[in-house]
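Q: okay, sequence plus prediction incoming.
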Amino acid sequence: MTIPAEYMLILSAVLFFIGVFGFFTRRNLVSLLICTELMLNAVDINFAVFNAYCHPDRLEGYIFSLFGIGVAAAETAVAIAIIINVYRNVHSIHIKRLKNLKH
Amino acid sequence: MEQSIFILILPLLSFLVLALAGKKMPHKLAGTIGTLSLAATAILACATAAEYFAAGRNGAAQFTDIMPYNIAWLPLNDTLSIDMGILLSPISAMMLIVITVISLMVHIYSLGYMKGERGFQRYYAFLSLFTFSMLGLVVATNIFQMYIFWELVGVSSYLLIGFYYTKPAAIAASKKAFIVTRFADLFFLIGILIYGYYTGTFSFTPTETAIAAAGTVLPTALMLMFIGGAGKSAMFPLHIWLPDAMEGPTPVSALIHAATMVVAGVYLVARMFPLFVVHAPEVLHAIAYIGAFTALYAAVVACVQTDIKRVLAFSTISQIAFMMVALGVCTSTDPHEGGLGYMASMFHLFTHAMFKGLLFLGAGAIIHAVHSNEKNHMGGLRKYMPITHITFLIACLAIAGIPPFSGFFSKDEIITACYGFSTPMGLFMSGVAAMTAFYMFRLYYLIFWGKSHYAEQVELYKAGKIVEEPHKPHEAPAAMTIPLVFLAAVTCVAGFIPFGEFVSSNGEAYTIHLDSTIAINSTLLAIGGILLATVMYATGNSRITRVVNVVMHEPIKAAYHRFYLDEVWLFITKKVIFNCISRPIAWFDRNVVDASLDLMARAAQRLGTLVRPLQSGNIQTYCIYFLSGALAIMLVLLYIY
């Protein structure tokens, strides 16, 4: 018995909107980063699901998922580095305090 | 005659130099620059005038107009253009001499009078500006150029009256002068436009066809132009600005408000004289009656003023009115047949400029010595200021019309012209001339005779009644007495200039001959006026004066307040014009014109307030908008497909 594709797509949509919700409501840089990861993972799941169900004989979707995971890891490393530097300068990672570049 | 352009350029240059770089200059340098450039201008002007009078006559032994320069400055259409240039004619040549000589004297005099004054350089810059504009006015080749310089003269007069800009009275006086003359100039401009529209030219001497084209509109245009002239020349009822203009420095009063600018109106009428006398004789006679009334009115007011500069101001109004009357009583362009007044008027303009300039400069020396304008602070000054005393006396004799001083000759010609017009006019003007003698000698005695105010103060000081030691009056410095002596000398001899040889209504030489009856009568009247003044004022406080003061208390009070004409004007402007015209207009402006614009502005502002929160700078908020937008598009696409 195969699991219907809809289930996985619902999972991925829920995961994505949890990320979106968190991204809009949280004010902590690390939380925002985690939310971005959630959204990226949702997208990766979508790639894998569509590859498995629509074109089982091909590999592009899986490769794109792996590629996405790699990019996410690199992005996370960079973001963490920025956050650490922000913390060193501002002594806070609360988003409201980061206004120096705005004006 | 090519050098004539420098007569205009030099004062303009000196104005520019003094106005732009004056602040960094020491006082002496600024004064020297102004005076030297004016001296050069005066020499040039006299040379030009001499050259013109030597070579100006044509075949018919008449002086003709010469235009060394004339360029179309602003072409309006194919035929009508505003020109700029230089016109030499007998009267403009005469005015060149008058303006530059008086202006030079005032420049020299001011070196002493304004010494150490704040804004000394500014003062000289304005003097140069005024001289430039006035010279431009008299050499104007057409009525529009004249109008342009006319306004420039007005603005430099405004600047100089308000020279002491920290004094509220001076500011008020300068504003009053500007507004009143500007109001009159409005009519002048309308007159010029009507004239230009109907005749198709701004020239002083339009062709016969142009005049025929204008037809019956011409007298109206000339009358409107005269109103402009009446404003500048302080004719009743537009004279109210001139007495107040005395708030300016005294040399300025001598230059602008006695000798040159105020005769611009007379000059205007003289310029347009051929048109007036042939095509609008009724307007010319109206001018004569207005002038006659002004002469009397100003003479009466001058008899009771206590501020010496105001007395001189009213005497100026009265004398200018004499010139206007002389022009007004002309009936033809032939000097032998009713055109005598033209020559008489110009002659009086010339002599009056000299002796009135002298009177004002003398008054300046007196004010300089006693630090007051009021007659009560003077008296007995002849011992302290001998040169001022003698020169002032000469000027008084001249203005009173005592031979052999210049005023006698010119005034005599005016009165002869008046008799030629009608006997009542002649008698009337003779009477006013006698009043002139009276009020001038009243002034003279009050200043130089009677009990010395200084001596009184010294006695009081010695008795311990006043704390401050009185300031002893002293003779003015040389820079001030030299112009006085020069002008006095001119006043003594100017009457013997054969003026009619140079200036007459048709350009032909006219030999001045004195009518012995009129000459003797007017001299006797003048002596009568002087005697009356001697009896009343020579000893200070005579019994007759006291009696007169009691008997004539009400008329004297009314005359002292200038017959409440200023109040009448204030009533008209403040109550009538403000309430009936200005206020409704202001209401309309505020509630309709401004309000509609305000409405637009406010609507835009509201809208702005409404959409401002959209741009918060908060990226998360933007993301929400972005997401909602993306979702909305997606839903729309789903719905469509």
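A: Right, received. Where do you want to start?

Q: the helix or strand where B:Lys411 lies: what's the following helix or strand?
A: Per DSSP states H and E, B:Lys411 falls inside helix B:406-421. As assigned by DSSP H and E, the chain's next helix or strand after helix B:406-421 is helix B:423-448.

Q: buried residues in that next one?
A: Under the neighbour-count criterion of 16 or more other CB atoms under 10 Å in any protein chain shown, helix B:423-448 has B:425-426, B:428-430, B:432-448 buried. Every C-beta, even on glycine, is put in place using the N, C-alpha and C of the backbone.

Q: please save the CA atoms from the helix holding B:Lys411 in CSV.
A: What follows is helix B:406-421, C-alpha atoms only, in CSV (Å, rounded to 0.1, in the frame of the first residue of the first chain):
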residue,chain,number,x,y,z
SER,B,406,17.4,135.3,-9.4
GLY,B,407,14.0,134.5,-8.0
PHE,B,408,12.8,138.0,-8.8
PHE,B,409,13.3,137.6,-12.6
SER,B,410,11.8,134.2,-12.9
LYS,B,411,8.8,134.9,-10.7
ASP,B,412,8.2,138.1,-12.5
GLU,B,413,8.0,136.3,-15.8
ILE,B,414,5.5,133.9,-14.2
ILE,B,415,3.3,136.7,-12.9
THR,B,416,3.5,138.4,-16.3
ALA,B,417,2.4,135.2,-17.9
CYS,B,418,-0.5,135.0,-15.4
TYR,B,419,-1.6,138.5,-16.2
GLY,B,420,-1.5,137.6,-19.9
PHE,B,421,-3.9,134.7,-19.1
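
Q: now do it and helix B:423-448, the angle between them.
A: Counting by axes from the mean of the first three to the mean of the last three CA atoms, to 10 degrees, helix B:406-421 lies at 160 degrees to helix B:423-448.

Q: mean confidence for helix B:406-421?
A: For helix B:406-421, mean pLDDT rounds to 87.

Q: which strands and helices sit next to that helix?
A: Applying 3 or more CB pairs under 8 Å, 6 or more residues apart in numbering or on different chains; DSSP states H and E, one finds that helix B:406-421 contacts helix B:308-328, helix B:340-370, helix B:386-400, helix B:423-448, helix B:478-493, helix B:516-537.

Q: could you dump these to CSV with distance to chain A?
A: Below are the helices and strands packed on helix B:406-421 laid out as CSV (distance: least, CB to the nearest CB, whole Å):
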stretch, distance to chain A
helix B:308-328, 64
helix B:340-370, 64
helix B:386-400, 73
helix B:423-448, 74
helix B:478-493, 65
helix B:516-537, 81
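
Q: nearest to B:Gly379, of those helices?
A: helix B:423-448 (6.7 Å; CB to CB).

Q: name the helices or strands packed onto that closest one?
A: Using 3+ CB pairs under 8 Å, 6+ apart: helix B:423-448 touches helix B:281-302, helix B:308-328, helix B:386-400, helix B:406-421, helix B:516-537.

Q: hmm, B:Ser81 and B:Leu74 touching each other?
A: Yes: using CB atoms under 8 Å, B:Leu74 is in contact with B:Ser81, at 6.4 Å.

Q: neighbour count for the two, which is higher?
A: Taking neighbours as other CB atoms under 10 Å in any protein chain shown, B:Leu74 and B:Ser81 compare with B:Ser81 leading, 16 against 10.

Q: could you pull out the helices for chain A?
A: Taking DSSP state H as the test, the helices found in chain A are A:5-25, A:29-54, A:60-90.

Q: what's the next secondary structure element after the helix or strand where B:Leu570 lies?
A: Here B:Leu570 is covered by helix B:565-570, with elements defined by DSSP H and E. Downstream of helix B:565-570, the next assigned helix or strand under DSSP H and E is helix B:583-588.

Q: flag every buried residue along that next one.
A: Buried-residue list, helix B:583-588, by 16+ other CB under 10 Å: empty.

Q: next: stretch B:281-294.
A: Neighbour-count burial for stretch B:281-294 [16+ other CB under 10 Å]: B:283-285, B:287-288, B:290-294.

Q: what's it in contact with?
A: Stretch B:281-294 has contacts (CB atoms under 8 Å, 6 or more residues apart in numbering or on different chains) with B:219, B:222-223, B:226, B:230, B:234-236, B:239, B:269, B:276-277, B:317-318, B:320-325, B:327-331, B:421, B:425, B:428-429, B:432.

Q: and what of stretch B:92-105?
A: Residues contacting stretch B:92-105 (CB under 8 Å, 6+ apart): B:7, B:35, B:38-39, B:41-42, B:45-46, B:48-49, B:52-53, B:127, B:130-131, B:134-135, B:138-139, B:254-255, B:259-260, B:267, B:346, B:349-350, B:353-354, B:357, B:361, B:483, B:486-487, B:490, B:502-503.

Q: right, I'll leave it there.
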